[in-house]
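J.: Compute the structure for the input listed below.
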Amino acid sequence: MLLIKSGYMAFMLGFKKRLSGFLAKHGYLLTRVEREPDPSLSALLAALRKQAAQPLSMVCLDNEVKIQSEILRVFPEERVSVYSPLFSRNDGALMTGSALPPAPAGRFIVAVDLETFPLDRLVAKLLWLKQADALLLRARLGTFWAGKLDLCYLMPQIHDFGFHLVDVISSFCDSSPQAPSGNSILVCERNPSAVSRRRGSRYRVVEALTYLSDPIVKRKDFQLLAGRGSLGFAAGVCNPGAIREGGQHYLVLKAERTPWPLQKTDESRFFTSAQPLLLKLESDNHIAGADELAMDGAPDTSRVEDFRLFKFRGEILSNHAVISKPHHRPAMQRPLRLELMQTRIGISTLNVSRKLLAWRGYPATDRPLARTEKNWVFFTDGDRLFLLYSFSPYVLLSAQNWPDLDFKTIVETRLELPLDGDGLTLRNSINPVDYDENHWLHIIHKVHPGKQYSFWGVLLNKQTLQPTRMTARPLVCGWRSVSASIIYVCSAIVDEREVFLFAGLDDSTSAMAAISRERLDAEWVDIPGKEPNTISEHQISCVATRNVVAVQPGVVPRAAISF
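T.: I've put the predicted structure just below:
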């Protein structure tokens with residue numbers, strides 16, 4: 001065993017030396033980037049105590065022994081006070097035999113067990129809590145996941161009491177927020193300090209707001225449509241693009257013949273596994289019919305998948321990913337290497353009656369393209385066709401001289417979003433659809449480590465062509481909304497009363513969720529805006545008449561600002 005390990009180490013050292021030499025010839029230096037370790041409670045308390053100009057006291061309203069032990073590692077016993085007042089869950093009244101802890105002298109920090117003490121009721125009884133330097137609010141992750149606590153609901157209370165959420169600690173659980181048995185401590189400061197603004201704190205705060213807030217779409221809202229073995233496809237049917245036509249819902253999905261573990265070992269099977277499938281849904285959203293779609297004129301040696309549907313000038317069109325292997329034909333029994341593949345977005349016409357997807361071509365843009373291009377979405381407004389290239393930064397293109405697939409950039413700007421700052425990109429998910437007279441409904445997402453997806457709803461203003469509102473909490477969240485980590489919301493259909501969301505689960509299953517518009521409308525918040533830049537009178541008049549305006553990168557039409 002020692003010889004095997006020694007041989008492996010020698011191989012790795014040799015590989016590192018050869019790689020360093022290769023990179024040096026091309027002007028690069030091989031180095032190591034260390035990830036900052038997540039904070040511990042004792043380290044945070046020690047930093048807060050060190051920076052305080054006066055001695056700090058610790059008030060502990062938490063019976064968790066591990067919390068108390070961490071506190072006593074940092075604070076001397078005489079500066080720690082532990083209390084367990086009992087409050088009625090029904091009316092918040094102090095129960096018989098319980099004594100209220102007195103207001104401490106000088107500066108202090110308070111640790112609170114949120115599961116025992118509802119924050120609003122506790123502060124109503126102990127007004128001196130508002131004078132604390134910091135509140136450390138602890139609860140088990142399972143309490144959030146069960147819906148008994150909701151961080152999105154807690155945040156306004158925290159702000160009303162004069163505190164800011166600056167960090168999140170999971171000291172006693174090695175796993176991420178997927179582990180419902182662990183503890184999370186919300187670090188809330190009255191006057192946020194440099195200690196709180198360390199690297200990684202923004203990531204942890206945004207992650208907590210995502211996974212400790214109750215999503216809008218619940219498990220009970222989802223209905224499974226098809227999965228592994230359905231309709232004759234052993235590896236599943238997933239990622240439905242949806243559209244309403246003639247009062248009927250139609251879906252175009254990716255059906256897989258070969259399981260992914262086998263595709264990875266044989267690139268030829270990767271290119272022959274996927275099949276576009278057309279489903280027709282009944283009024284109760286059960287499948288009324290399924291037909292394989294023929295692809296007419298698609299590029300040779302390519303795989304077409306992830307279909308999104310939209311209507312333009314009387315036709316049903318699909319934008320979709322096209323994966324190809326440049327310069328070489330796929331080989332049998334050769335392991336698949338996706339990094340060598342090229343992925344582009346193509347457009348085809350869907351003919352429902354003929355069960356046909358007719359290839360139209362690749363959109364041409366005025367932007368340089370990478371080897372892998374995904375998450376482009378399309379939407380229309382009368383005689384205008386738009387291509388939303390990316391959401392963050394917000395880059396919007398418009399079709400020129402249709403049916404030529406020529407698109408020009410008309411808006412390029414950076415948005416100030418409440419979910420920024422964690423290093424994860426917000427990406428497009430669906431083709432935006434009509435929501436009301438003034439807005440399109442768009443859905444965006446982030447991918448967290450472990451391929452856990454979370455989604456938010458966004459309203460795009462039809463006058464400004466830019467986002468003006470988004471949901472305060474996640475619209476859909478992996479594991480929280482449905483029993484799957486990999487959930488991808490692919491499309492939406494909106495009617496007068498409901499919003500229908502169509503999603504793929506674990507790259508193998510199709511599902512649909514229906515929620516009322518009333519429920520969604522209760523969650524919109526304004527997106528913070530920036531000061532508009534000046535533009536010409538001609539541009540202002542063009543925006544006012546809803547004609548497309550070519551805008552310089554970073555410049556937002558004054559008439560377009562409605563934040």
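J.: where along this structure do the helices fall?
T.: Counting by DSSP state H, the segments of the chain that form helices are 2-25, 41-51, 65-74, 119-125, 141-145, 151-160, 201-211, 260-263, 267-273, 517-521, 537-544.
J.: Could you identify which of those has the lowest mean pLDDT?
T.: In terms of mean pLDDT, the lowest-scoring of the helices of the chain is helix 537-544 (a mean of 31).
J.: what sits opposite Ala358 in the beta ladder?
T.: Legend: beta-bridge partners of Ala358 under DSSP bridges are Asp296, Thr349.
J.: My error: substitute Arg140 in the last question.
T.: Listed by DSSP bridges, the beta-bridge partners for Arg140 are Asn183.
J.: Quick check: it touching Leu212?
T.: No: counting by Cβ atoms under 8 Å, Arg140 does not reach Leu212; the two are 10.9 Å apart. Glycine gets a C-beta too; all of them are placed from N, C-alpha and C.
J.: Centre-most residue in the chain?
T.: Closest to where the C-alpha atoms of the chain average out (Cα atoms, centre = their mean) is Lys446, at 2.6 Å.
J.: Pull the contacting residues for it.
T.: 210, 419, 424-427, 453-454 (Cβ atoms under 8 Å, 6 or more residues apart in numbering).
J.: Kindly report the same for Phe222.
T.: With contact set as Cβ under 8 Å, 6+ apart, Phe222 has these partners: 481-482, 511-513.
J.: which among the residues you listed end up buried?
T.: Among the contacts of Phe222, the ones that count as buried by 16 or more other Cβ atoms under 10 Å are 481-482, 511-513.
J.: And those residues, which is closest to Leu119?
T.: Nearest to Leu119 out of those is Ser481 (Cβ to Cβ; 25.6 Å).
J.: Which pLDDT value does the model give that closest one?
T.: 92.
J.: who touches it in this structure?
T.: Going by Cβ under 8 Å, 6+ apart, Ser481 touches 215, 217-219, 221-222, 474, 487, 513.
J.: same thing but at 10 Å, please
T.: The contact partners of Ser481, by Cβ atoms under 10 Å, 6 or more residues apart in numbering, come to 214-222, 453-455, 474-475, 487, 489, 501, 503, 511, 513.
J.: What of Arg367?
T.: Counting by Cβ under 10 Å, 6+ apart, Arg367 touches 373, 389-390, 395, 397, 407-409, 412.
J.: List the buried residues of stretch 441-455.
T.: 441-446, 448, 452-455.
J.: and Ala235, backbone torsions?
T.: phi -100, psi 0 (degrees, to the nearest 10).
J.: Am I right that it is in contact with Ser273?
T.: Yes: using Cβ atoms under 10 Å, Ala235 makes contact with Ser273 at a distance of 6.8 Å.
J.: list residues touching both of these two?
T.: Overlap of the contact sets of Ala235 and Ser273 (by Cβ under 10 Å, 6+ apart) consists of 255-260, 262-263.
J.: Taking those, please make a PyMOL selection of just the buried ones.
T.: Per 16+ other Cβ under 10 Å, the buried members of these correspond to this PyMOL selection:
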select buried, resi 255+256+257+258+263
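J.: Which pair in the shared contacts of Ala235 and Ser273 has the greatest spatial separation?
T.: Across the shared contacts of Ala235 and Ser273, no pair lies farther apart than Ala255 and Leu262, at 15.6 Å, counting by Cβ to Cβ.
J.: re earlier: where's the residue nearest to the centre of the chain relative to Ser170, distance?
T.: Going from Lys446 to Ser170 by Cβ to Cβ, to the nearest Å gives 19 Å.
J.: Report the buried members of the contacts of Ser481.
T.: Using 16+ other Cβ under 10 Å as the burial test, the contacts of Ser481 include 214-217, 221-222, 453-455, 474-475, 487, 489, 501, 503, 511, 513 as buried.
J.: Please list the members of those that lie in strands.
T.: Counting by DSSP state E, the buried ones among the contacts of Ser481 place 222, 453-455, 487, 489, 501, 503, 511, 513 in strands.
J.: Out of those, which comes closest to Ala331?
T.: Distance to Ala331 across these (Cβ to Cβ) is lowest for Tyr453, with 32.4 Å.
J.: so that closest one touches Ile486, yeah?
T.: Yes: contact criterion Cβ under 10 Å: Tyr453 and Ile486 qualify, at 6.5 Å.
J.: which residues do those two both contact?
T.: With Cβ under 10 Å, 6+ apart, Tyr453 and Ile486 have common neighbours 447, 478.
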